[in-house]
Each structure stands twice: as structure tokens, then as C-alpha cells.
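**Q** just need the structure, nothing else, for what follows:
(chains A and B)
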Amino acid sequence: MKGCFIAWATDDATRKRGGSGGFVSAALAAALDSKLVDNVLVLKKTSPYKATPIVTNDPKEVLECAGSFHFVSVNMAQYVPSGRVALPAKPCDARGVIERAKRGQLDLDDVYMLGLNCGGSLHPKKAKKMVEEMYNLDPDAVTGEEILKGELILKTADGGKALKIDDLEEKGYGRRESCRYCETKIPRMADIACGNWGLPADKVGKTTFVEVITNKGEEIFKNAVDTGYVEFEPASDKAIELRDKIEKVMKGLAEKWHKRLFEPIEKLSDSDRLAFYVDALSSCIGCGACRKACPVCACGDNAKCLIEGNSDYKIPLFLMVRLLHLMDSCIGCGRCEDVCPVGIPLTLIHRKFAERMQNKLGYVPGINLDKPPYFEGELGEDS
Amino acid sequence: MTEFEPKIVAFCCNWCSYAGADLAGVSRMQYPPNVRIIKVMCSGRIDPLFVLMSFLEGADAVLITGCHIGDCHYIDANHKTKNRFEFLKEMVAELGIGEERLRLEWISATEGEKFAGMVRETVEKIKKIGPSPLRPKVMQ
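**A** Next comes the predicted model:
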């Protein structure tokens, strides 16, 4: 049963509440119902700007959490509990889970990842400001949001308003910076990849495009169908083509953003680049929020980066060690930048260091378990 | 003003490169006194943190030395040294402090001349490119 399908939740309420067809919520609930997994990790929306990761074994609660939200900055990988668990995963969640598995933080055989196609998310705080300044709406009046065809649509009690994401981003709002240049749009490292890309026009919002990738994915999908939570039909070649086309366009845009953000730093001379790094990194107050938020970090309380350096160091030792340590494993999820209280462009800088090493190694972290983290492993036998 | 004298930190392993440095000494080979040798049991003990800290404390160059690949007294620890060096090298390059400031050299106990030559070369190079931009302000 591997391959591409168009699926939807049989329950009307779930289908309506879900982002597009409610397949993910239905499949998660089905997995709980038939004891395929012990727990499900989902995001529970408490306001349009806040969603909290919860671990639950109640299928009803899972169904209540249905629906897509973009005003959220959470990496689910950190919250994966022990035991058999299923979770919806954006590409960076899925990559975080795999990197954590590499570091012995969890057993990948026990984790079922229902991947979500992702064009990017928005920082909740900045989103609030954006609603006020760009949409001229009261942030609390917003009841829902949706991204469709490059437009961010905000829904309120008396209608809604749509603005082009490109325009928002030109003004400094829109998606988080790391999302703009992220090139992993379809989470093919997860067990199933779901989304609305590729759906025929009359089915958008009512069904989910599902690609079943691994054996675990097959298990989840079959279980959802067998328990009656989900119905499906095979995806047409046209739909698959359309999805690939959308992915290509998204990747192209990401490449453009990458160029736009990285080239100015690359063009700097050695001494100017150092000045940029020193200037940006020396404002660090050493709160350690980036380390706590990082889905890849797994060193624990005895981490090398916690060793205190002198206050007269041009770059804090904490950040120097982290830069080095993440060179092979940074997945570019953007969490460090989101949580930095002094606004250091941390993800950009981490990516700059990491891309250099990862390109040299020909290694992309968070794709599969085939290769170890290089920092711990070996590069080769040569001397 | 007096001529700029680089401060260089050299990490040497107990079994090969320290003995190599020792041989350079007892054979009266001449090399500049800018180097501060730190002896470790094995080059595998050289935590990248030591190197980063050396730079942040004001070292103008860091030399990492150890037994030749295959000669390590702790089986294969110098493979790990090599691995970490590759990371450090990229980091130094990205920071833009000058790739000449970090060097890895395998030196056996008989290669006193190699050790002396390495120090001479490094001091000459660093004198040309000047003090490390990562030096703390008090040292500038």
C-alpha cells in the first residue's frame, strides 16, 4: 500500500475541522483506538497564537486538536515521550526526531511520523504585530487562518482578509526567516507525507493528499482504513505531477531567499565577516534559551557548551562551542532564533557554519539513520 | 614599538610529538621561543574546546600534534583528532581569522627537526599576518 493516495476522514466534523480533509487527525485517533500506539503527541491550540504540545491517549482529544495553524513556533521532536507514539510532523519536526534517534534520545522504531507538507510557519509574536499593522485587525478578533495560493487569509467573525505572503515578507513580516530558505518542503523522511498540494481544485480543503513512504506508514494508513476512520482513493498521475510541481516552485523560492540572505555575508571579506560575527554574537547574555529550544542538542547537563569562559572573550565560549557542535547536525529549524531574547540572528549564523561543513561532508542531517553524526563518528582513514 | 611576538599554543601528545619536541631540545635545534607547549597524554585528549579557548584567550596560532596515523598508543584515538581538526578548520575558516592559525601535524619521537621546522614556519607566517583578531581587548 505504499504510494500516493487521496484520503479523507469519514467523520464529517473531523473532516471540516481538519486543515484539509482531516486525514492526519483521523489516522492518529485510529492508531490510538486500535492500540497501535500508546500515545499521540499533538499540538493543542489554546488561542490563534498559542499551541501547546500535549501527550494524550484519548482519541477524542486528538480529534479536537484537528486543524492547521501557522502561528506557532514549536519543534515537536523534543516532546516525543517514550513508548510507542505517533505524531504529526513538519519537515523540521521529522528531521529533529531522526537526529534525536541518532543520539539515543528515542527509538525510531517506536515513533510513527505523519509528515505535514510545510511552506513555513509564522512567529506568534510577530504574527500578532502583523495582524495589527498589516491587516488593521484586532489580533484577538482573529478566529482562524489559512494559507492558500501564496496568500495568508485571516478569518474573523465578520468575514476575513487576505494578503500576499510575498508582500508581507518584504515588509519584514510573514514567515519565520528560517522557513523562507528551508528547502525541505515535503517530509519524505517521515513515514507518511500529507498535505493539500496536488489535490484537484474541487477537493482542496476536503481531502488530504497522502504519500505512504515506509512500512510504518503503511501500518498507520492500513489501520486508519480498516478501523473506518479514513476513506481513500488512489491519486491520479496528474495529482502527483501537480504536487511535484508545487514542491519545485516552493524549493525555487527557498533558493532565492537563501541567496538573498546568505550572499551578503558570503561577499564580506574575512575581517568584515569576523566583525559581523563578533558584533552579532557578543550581545549574547548566556541565558541558554537557544540550547534548550534546540531539537538536536542532547548533551544534557554536562554539555561542553556550559563551561563558562571569561567575560572578555570576543565571542562567548557558549556560542563558539555550540557553533562547532552543530556544524554537522544543524537542521535549520529556526528555534534558536525564535527564542533568543536579544534577537541574535542565530539560525542564520548556525546555518552559515553548518552549510560549509555539511556541503564538504556531502551530508544532510535528519534524513535517515544511515550515517552517524560526523562529529562523533569518523571521516575516513586518510591522514 | 617592539616587534610583534606571536603567542602560539602547541598541544603535544605524551608518546610521539612531545618526545619529538624533546628531541629538538636535546639536539639543540634552534626554533623561536614563541611556542607554549601543553602536554596531553594523547592527541585524542585535545578537546576542540581547548582550541577554541586558546583562540579566545588570545593565542595567535594553535598547533595540534600527535602520533602518525596507525602509530597512536591508544589504538585509533588520533583518527578522532583528525576528525575534530576538520571541524575546527572549517570553523576557523568561516570565522575569518585566517586558516594559517590552526595547523595539524603528525610528529613522531624521532622527528625533532620536523617539530622545530613547524614552529619556525608558523612563527614566520603569523608574524606576517599579525596578531589574532580574536585576542581579548586587554591584549591589544
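**Q** compute the number of surrounding residues for B:V138.
**A** By other CB atoms under 10 Å in any protein chain shown, 8 other residues sit near B:V138. Backbone N, C-alpha and C define where each C-beta goes, glycine included.
**Q** name the SS class of it, please.
**A** helix (DSSP: H, G, I helix; E, B strand; the rest coil).
**Q** next: B:H68.
**A** coil.
**Q** per-residue pLDDT of the nearest residue to it once chain neighbours are set aside, please?
**A** In space, and not counting its chain neighbours, B:H68 is closest to B:W106: 4.3 Å by CB to CB, 6 or more residues apart in numbering or on different chains. Confidence at B:W106, expressed as pLDDT, is 97.
**Q** got it, and B:M1?
**A** In this model, B:M1 carries a pLDDT of 62.
**Q** could you say what helices and strands the strand or helix carrying B:F115 packs with?
**A** Using DSSP states H and E, B:F115 sits within helix B:112-129. Counting contacts by 3 or more CB pairs under 8 Å, 6 or more residues apart in numbering or on different chains; DSSP states H and E, helix B:112-129 is packed against strand B:8-13, helix B:17-26, strand B:35-40, strand B:61-66, strand B:102-106.
**Q** and the ones you listed as JSON lines, adding mean neighbour count?
**A** Output for those, formatted as JSON lines (neighbours: other CB atoms under 10 Å in any protein chain shown):
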{"stretch": "strand B:8-13", "mean neighbour count": "25"}
{"stretch": "helix B:17-26", "mean neighbour count": "20"}
{"stretch": "strand B:35-40", "mean neighbour count": "16"}
{"stretch": "strand B:61-66", "mean neighbour count": "27"}
{"stretch": "strand B:102-106", "mean neighbour count": "21"}
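**Q** wait, which of those is closest to B:K125?
**A** strand B:61-66 (8.0 Å; CB to CB).
**Q** beyond that closest one, next helix or strand please.
**A** Toward the C-terminus from strand B:61-66 - assigned by DSSP H and E - lies helix B:77-95.
**Q** so which elements touch that next one?
**A** Checked by 3+ CB pairs under 8 Å, 6+ apart, helix B:77-95 has helix A:270-281, helix A:317-325, helix A:346-361, helix B:48-57, strand B:61-66, strand B:102-106 packed alongside it.
**Q** need the contact list for the residue nearest to B:H68.
**A** Neighbouring residues of B:W106 by CB atoms under 8 Å, 6 or more residues apart in numbering or on different chains: A:S383, B:C16, B:S17, B:T65, B:G66, B:C67, B:H68, B:I69, B:N78.
**Q** against chain A, how distant is the spatially closest residue to the fourth one that is not a sequence neighbour?
**A** Leaving aside its sequence neighbours, B:T65 sits nearest to B:S17 (CB to CB, 6+ apart; 3.6 Å). Going from B:S17 to chain A by CB to the nearest CB, to the nearest Å gives 14 Å.
**Q** could you check the pLDDT of B:S17?
**A** B:S17 is given a pLDDT of 97.
**Q** most proximal residue of the stretch 51-200 of chain A with respect to chain B?
**A** Nearest residue of the stretch 51-200 of chain A to chain B: A:K102, at 16.2 Å (CB to the nearest CB).
**Q** secondary structure class of the residue nearest to that residue when sequence neighbours are not counted, three-state.
**A** Sequence neighbours aside, A:P373 is the residue nearest to A:K102 in space, at 5.8 Å (criterion: CB to CB, 6+ apart). Taken by three-state DSSP, the conformation at A:P373 corresponds to coil.
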